[in-house]
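Asker: Here is my input; please provide its structure:
(4 chains)
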There are 2 protein chains.
Amino acid sequence: MPDEAVLMECAHSIIDVVPRLTRLMSKDLRLHSSGLFTSSQFRVMVRLFREGPQCLSRLAEYMGVSLPTMSKLVPGLESRGLISRHRDPQDRRRVLLALTDAGVEAYTSLLECTESHIGEWISHLSPAECHDIVAALAILDQAFAQVELPESYEAEDCSASREEVA
Amino acid sequence: MPDEAVLMECAHSIIDVVPRLTRLMSKDLRLHSSGLFTSSQFRVMVRLFREGPQCLSRLAEYMGVSLPTMSKLVPGLESRGLISRHRDPQDRRRVLLALTDAGVEAYTSLLECTESHIGEWISHLSPAECHDIVAALAILDQAFAQVELPESYEAEDCSASREEVA
DNA sequence: TATTGTTATACTCTATAACTATA
DNA sequence: TATAGTTATAGAGTATAACAATA
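Answerer: Residues are numbered from 1 along each chain as shown, chains lettered A, B, ... in the order given. Below is the predicted model of the structure:
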């Protein structure tokens, strides 16, 4: 198989599998948090926990969402006392977000719970298989992290996607 | 490292990486289809293309969404002539969905386009790395396919997720 | 003038509950 | 009675455009 075909096979596999994994995890999170946390909210907390306090723009960039989207995502967590929001004294345009103590606790608990569910799902795998999965995901993550999506693709790029019946 | 720790490390990696991959792919799809297709619509087309005509319930089950959600997802594709909807003569409660010719064409084009973008993102990987990724995703897919989410988790399961400030 | 963030508006995805039609 | 699907309603996530405040 030529290298090009290998790449396409890999791309196909990613398209096929990855969204299905995400959906199941989202559903599990919603279920086991009794509807209190969505994936997006959880990911905000993940980021704040790991990287510490930061401003809206940086969070939005990391999550790959627009600034208004991020701006609307935050109040739901703030109103429950899980994150705090303060003007940055250095640059008063910025808003610094941070996990509160309650936020850290909720995050930790959610993470452990999600990990334990997923751990059960993959409990029949061998250590070697787990290791391979971690390695594969790391490679993918690094590759995707370097992608810069264009503002919009040229019309020529995927012309047939615009051929649908009116 | 004990087996348990390996499982948790793997679970952690999945939680961390997989949603980020999905988000980038969704964004790319939206961009390169000029906003005409969402991930969910695309996944419906993927399924219909591979498995042929089938009823709403089966589609909903595969996608992991509720029947009303699926029911609302379909008109957007039908109104553009990409899928057809017919009563099943054998069981008149059922509605059979199928890709139209235009739907097949749009799907094929979208798939190729998405594959080619992702192919570029991972173009620096070696064939061996690609192979490892395909294998890892296959294992994960199979493991996740066997998961049956409960109606709701017991309160004891993730109690701290309900400790947030009122 | 450029950047940060919010508000207004609109659309999609999602769910639950209540309903109709069919088996 | 049980199943397939729709409709009604509600809430979250998403975007673009227009705006205010700050640098």
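Asker: Have a look at chain A and report its longest helix.
Answerer: helix A:3-32 (DSSP state H).
Asker: quick one: average confidence on it?
Answerer: Average pLDDT, helix A:3-32: 93.
Asker: ok, now stretch A:115-130?
Answerer: 96.
Asker: Could you tell me the angle between the longest helix of chain A and helix B:3-32?
Answerer: Counting by axes from the mean of the first three to the mean of the last three C-alpha atoms, to 10 degrees, helix A:3-32 lies at 110 degrees to helix B:3-32.
Asker: Which strands or helices does helix A:3-32 pack on?
Answerer: helix A:39-51, helix A:101-121, helix B:3-32, helix B:39-51, helix B:101-121, helix B:127-145 (3 or more C-beta pairs under 8 Å, 6 or more residues apart in numbering or on different chains; DSSP states H and E). Bear in mind the C-beta positions are built from the backbone N, C-alpha and C, glycine included.
Asker: repeat that for 10 Å
Answerer: Secondary-structure packing of helix A:3-32 (3 or more C-beta pairs under 10 Å, 6 or more residues apart in numbering or on different chains; DSSP states H and E): helix A:39-51, helix A:101-121, helix A:127-145, helix B:3-32, helix B:39-51, helix B:56-63, helix B:101-121, helix B:127-145.
Asker: Need the CA coordinates for the last one. CSV is fine.
Answerer: The C-alpha atoms that make up helix B:127-145 are tabulated as CSV, following Å, rounded to 0.1, in the frame of the first residue of the first chain:
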residue,chain,number,x,y,z
PRO,B,127,3.1,4.5,7.7
ALA,B,128,3.9,2.6,10.9
GLU,B,129,2.5,5.4,13.0
CYS,B,130,-0.6,5.5,10.9
HIS,B,131,-1.0,1.8,11.2
ASP,B,132,-0.7,2.0,15.0
ILE,B,133,-3.3,4.7,15.1
VAL,B,134,-5.8,2.6,13.1
ALA,B,135,-5.2,-0.3,15.3
ALA,B,136,-5.6,1.7,18.5
LEU,B,137,-8.8,3.3,17.3
ALA,B,138,-10.2,-0.1,16.3
ILE,B,139,-9.6,-1.5,19.8
LEU,B,140,-11.2,1.6,21.4
ASP,B,141,-14.2,1.5,19.0
GLN,B,142,-14.9,-2.1,19.8
ALA,B,143,-14.6,-1.6,23.5
PHE,B,144,-16.9,1.4,23.5
ALA,B,145,-19.4,-0.4,21.3
